[in-house]
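Undergrad: All I have is the shape, not the residue letters:
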């Protein structure tokens, strides 16, 4: 008889730790708001930057204990038990060291930068060997533990739209609570900690460091950042997608099957088909990207977490 899995302890986020002035100041976070429940933190911030843009400066943070209508890429819906995940969104208004807005074509790297920051947080705080799956997933041992969604906000007076960057991390979901077998959680991976406050602070700190370095380099993914290799090199090194046969499903029942070789300067995936033709697959166009089995069995079901 299969054992019944008990619901793990799910304490609230530590508001004192998250509102600590030393933590906020060190990471350049001007505002961090925690709400008990909301439909979607991304939707709330999109509304906030539209109605009162001055109230949400660069690196403002909104996190929720429970989301009732979280959404991911292509409007996929997702809901997890209260206090079982890290559900957080940031307002980004990228400018360089001189205060000049970054070119919007660099924005495509922001979700990959967030995935890299979360990967570092999971490794250093939870002891988990995370990897990245293009365009916006974080995996642990081949199973999806987190997803990221970047959305453009409205054009402001300066003519440059902000970016709302949402991240959903499965923390204490049990096997029974996972949406699909290809998902996982921090708890299920026997991590060093399942403290959501620690994980959130670690992620925000690492994101802020990488983000500032990226902005100071004018959003150039080929520039060295935070005292190490470039964003482009770091992401390519951690992508499980590269070097594999993949099937990219596109709108209108179109698909590209081929060998995923590298990322271009915009963070798009380059796929070489059987004829040797190189295709550019952008994150905004792809519906699904799965490993391709020549026998036709395809990949596994699509895993979900917070944002996808």
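TA: Sure thing, it's come through. Note that the structure is a prediction, hence the values are computed from the model and not measured.

Undergrad: Quick one: mean pLDDT for the longest helix along the chain?
TA: As assigned by DSSP state H, the longest helix anywhere in the chain is helix 196-216. Mean per-residue pLDDT for helix 196-216: 98.

Undergrad: before we move on, what about stretch 124-138?
TA: 97.

Undergrad: And what about the residue lying closest to residue 203 once chain neighbours are set aside, helix, strand or coil?
TA: Nearest residue to residue 203 in three dimensions, chain neighbours excluded: residue 121, at 4.2 Å (C-beta to C-beta, 6 or more residues apart in numbering). Glycine gets a C-beta too; all of them are placed from N, C-alpha and C. What DSSP: H, G, I helix; E, B strand; the rest coil gives for residue 121 is helix.

Undergrad: What number of residues are in the vicinity of residue 121?
TA: Residue 121 has 26 neighbours, counted by other C-beta atoms under 10 Å.

Undergrad: Can you spell out which helices and strands pack onto the longest helix of the chain?
TA: helix 15-18, helix 21-26, strand 85-92, helix 110-121, strand 163-170, strand 224-225 (3 or more C-beta pairs under 8 Å, 6 or more residues apart in numbering; DSSP states H and E).

Undergrad: go again using 6 Å as the cut-off
TA: strand 85-92, helix 110-121 (3 or more C-beta pairs under 6 Å, 6 or more residues apart in numbering; DSSP states H and E).

Undergrad: Single out the most deeply packed of the ones you listed.
TA: strand 85-92 (a mean of 26; mean count of other C-beta atoms under 10 Å).

Undergrad: Make TSV out of the helices and strands packed on helix 196-216 and add distance to residue 179.
TA: Formatted as TSV, the helices and strands packed on helix 196-216 follow (distance: least, C-beta to C-beta, whole Å):
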stretch	distance to residue 179
strand 85-92	12
helix 110-121	19
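
Undergrad: I'd like these laid out as a markdown table, including mean pLDDT and distance to residue 212.
TA: Below are the helices and strands packed on helix 196-216 laid out as a markdown table (pLDDT from 0 to 100; distance: least, C-beta to C-beta, whole Å):
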| stretch | mean pLDDT | distance to residue 212 |
| --- | --- | --- |
| strand 85-92 | 98 | 11 |
| helix 110-121 | 98 | 11 |
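
Undergrad: Which stretch among those approaches residue 237 most closely?
TA: helix 110-121 (9.9 Å; C-beta to C-beta).

Undergrad: Who are the packing partners of the closest one?
TA: Taking 3+ C-beta pairs under 6 Å, 6+ apart as the contact cut, helix 110-121 packs with strand 137-140, strand 143-152, strand 163-170, helix 196-216.

Undergrad: middle-most residue in this protein, spatially?
TA: residue 148 (2.7 Å; C-alpha atoms, centre = their mean).

Undergrad: Next up, the contacts around it.
TA: 111, 114-115, 136, 167, 307 (C-beta atoms under 6 Å, 6 or more residues apart in numbering).
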